[in-house]
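Q: Give me a model of this one.
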Amino acid sequence: MKFGQLEQRKDEICNTYLHTHLSIRQMAAQMNCSSSGIKRILRKYHIPMRNKCASLNLCPHKFVDTEIQIIIGSLLGDGALTPPRGPNGESQFYEGHGPKQLSYLQWKYDELKRFIGCKIYPLNHTLDNGKTYKTYNFLTRKSVLFTDLRRKFYSSLMKRSDKKLDWSIIAKWMSPLTLAVWLMDDGTRSSKNRFGIECQSFSKPDNEFLVNLLGEKFNLDCKLITSVNGTGWKIQIIDNNVNQLRILLMPYFCDCLKYKLRDFSDNPVETQRCHSGVLKLKCFNANTPSPVDCNSKCNVYTKVTSTLNKQVMV
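A: As a prediction, the model looks like this:
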């Protein structure tokens, strides 16, 4: 688009930049023009541009229902909230998955894109035994919303710490979508009549709360068992409820993870646990995220109701 054409849209450009949470790059993509053209308009009409620090904190002030449900389900599973950097810093939401779950990660990225300013990027991780593995990841912008959630879901705000559960928030936002996200992250399937949820990072009282909540919300008959490796707890859904679970959640499951809800499965589900603190991740080229071609999309059913677009506070 030529600069003269942008001049005709100067009011739209200035108002969009001042009154929305879009970055210059996002505005350029939305208006089908270059970022430099947007900047020229802003400079010409003396609109002060945000610096890098201001852009990092450019987030909506409230979650919509789908966003908070996905975040709560992710915090029960593989999602993490980083500690704020410094007394005036804010937390960020982080998640990473292996190459086989890339389309699932892309779906989460798309659903939370109002809070994201970077592209999905790969990281190479090194374990203590020298082995390496690759994940694809995204990190949101900093927001007081994530800091508030970190206070409620972690033992320490500023230091790397274990997760804890805020029972009132989980009870409020536990929905079929929340449960589906949690099970896509941490659900395991060892046979056609057995479904488990890996919960080793939670205390026994927290796990007992989750067992009772699943019964109250979805009428699922669950029990708490010791994990096979003896490091914590696992929630097992009783055999006669597996089909009920499949009917409830199949519309919400991404295609790449529907094998967890199949009528039969002989293979145990691979699970991947994100670190509770991102600071200890050993990776290469982490400071220069490179874009990943994520053309495959997840087929996820989303209920379109007025409540999903309602702005809510946690």
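Q: ok, which stretches of this protein are helices?
A: Under the criterion DSSP state H, helices of the chain are mapped to 3-7, 10-19, 24-31, 35-44, 52-56, 65-76, 102-111, 144-153, 167-173, 176-186, 204-218, 242-249.
Q: Contacts only, for Pro60.
A: Contact analysis of Pro60 by C-beta atoms under 8 Å, 6 or more residues apart in numbering lists 21, 114-115. Using the backbone N, CA and C atoms, a C-beta is placed for each residue, glycine as well.
Q: so Thr140 makes contact with Phe146?
A: Yes. Counting by C-beta atoms under 8 Å, Thr140 touches Phe146, with 6.8 Å between them.
Q: Give me the common contacts of these two.
A: In contact with both Thr140 and Phe146: 92-93, using C-beta under 8 Å, 6+ apart.
Q: Sketch out the low-pLDDT regions of this structure for me.
A: Scanning the chain with the threshold set as pLDDT under 70 gives 1, 51-58, 190-192, 229-231, 263-314.
Q: Domain parsing of it, as residue ranges.
A: The chain breaks down into these domains under automatic domain parsing: 3-49, 63-312.
Q: got TSV for the ones you listed, with mean neighbour count too?
A: Shown next, in TSV, are these (neighbours: other C-beta atoms under 10 Å):
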stretch	mean neighbour count
domain 3-49	14
domain 63-312	17
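Q: How about Tyr252: what's its closest non-neighbour residue?
A: When the adjacent residues along the chain are set aside, Tyr252 lies closest to Ala180, with 3.7 Å between them (C-beta to C-beta, 6 or more residues apart in numbering).
Q: what sits against that neighbour?
A: Taking C-beta under 8 Å, 6+ apart as the test, what Ala180 contacts is 73, 249, 252-253.
Q: rewinding a little: in CSV, list the helices of the chain along with distance to Trp233.
A: As requested, these are exported to CSV (distance: least, C-beta to C-beta, whole Å):
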stretch, distance to Trp233
helix 3-7, 58
helix 10-19, 48
helix 24-31, 42
helix 35-44, 50
helix 52-56, 37
helix 65-76, 13
helix 102-111, 25
helix 144-153, 18
helix 167-173, 16
helix 176-186, 12
helix 204-218, 5
helix 242-249, 19
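Q: Nearest to Gly196 among these would be which one?
A: helix 176-186 (9.0 Å; C-beta to C-beta).
Q: Tell me how far the closest one lies from the chain's centre.
A: Centre-to-centre, helix 176-186 and its host chain are 11 Å apart (C-alpha atoms, centre = their mean, to the nearest Å).
Q: Please save the CA atoms from it in CSV.
A: The C-alpha trace of helix 176-186 is given here as CSV (Å, rounded to 0.1, in the frame of the first residue of the first chain):
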residue,chain,number,x,y,z
PRO,A,176,-15.3,-29.2,29.5
LEU,A,177,-12.8,-27.0,27.7
THR,A,178,-10.6,-26.6,30.8
LEU,A,179,-10.7,-30.4,31.4
ALA,A,180,-9.9,-31.1,27.8
VAL,A,181,-6.8,-28.9,27.9
TRP,A,182,-5.7,-30.5,31.1
LEU,A,183,-6.1,-34.0,29.7
MET,A,184,-4.5,-33.1,26.3
ASP,A,185,-1.5,-32.0,28.4
ASP,A,186,-1.3,-34.7,31.1
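Q: So for Tyr109, what's the nearest residue that isn't a sequence neighbour?
A: Tyr109's closest residue in space is Phe138 (C-beta to C-beta, 6+ apart), at 5.1 Å.
Q: I'd like the distance between the one you found and Met174.
A: Distance of Phe138 to Met174, computed by C-beta to C-beta, to the nearest Å: 24 Å.
Q: Contact partners for the closest residue to Ile197 other than its chain neighbours?
A: Nearest residue to Ile197 in three dimensions, chain neighbours excluded: Ile235, at 4.3 Å (C-beta to C-beta, 6+ apart). Residues near Ile235 by C-beta under 8 Å, 6+ apart: 196-197, 199, 207, 210-211, 214, 222-225.
Q: Sheet partners, orientation included, of the lengthiest strand in the chain?
A: Ordering each strand of the chain by length in residues (DSSP state E) puts strand 132-139 first. Paired neighbours of strand 132-139 in the sheet (DSSP bridges): strand 93-97 (antiparallel), strand 121-126 (antiparallel).
Q: Check what contacts it and list those residues.
A: 82, 92-99, 102, 105, 108-109, 116, 118-127, 272, 278, 292.
Q: what angle separates it from helix 102-111?
A: Per axes from the mean of the first three to the mean of the last three C-alpha atoms, to 10 degrees, the angle that strand 132-139 makes with helix 102-111 is 20 degrees.
Q: Extract the CA atoms of strand 132-139 and return them as CSV.
A: What follows is strand 132-139, C-alpha atoms only, in CSV (Å, rounded to 0.1, in the frame of the first residue of the first chain):
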residue,chain,number,x,y,z
THR,A,132,19.2,-33.4,24.3
TYR,A,133,15.7,-33.0,23.1
LYS,A,134,13.8,-30.3,21.1
THR,A,135,10.6,-28.4,22.0
TYR,A,136,8.5,-25.7,20.3
ASN,A,137,7.5,-22.9,22.6
PHE,A,138,5.8,-19.6,23.1
LEU,A,139,6.0,-16.9,25.8
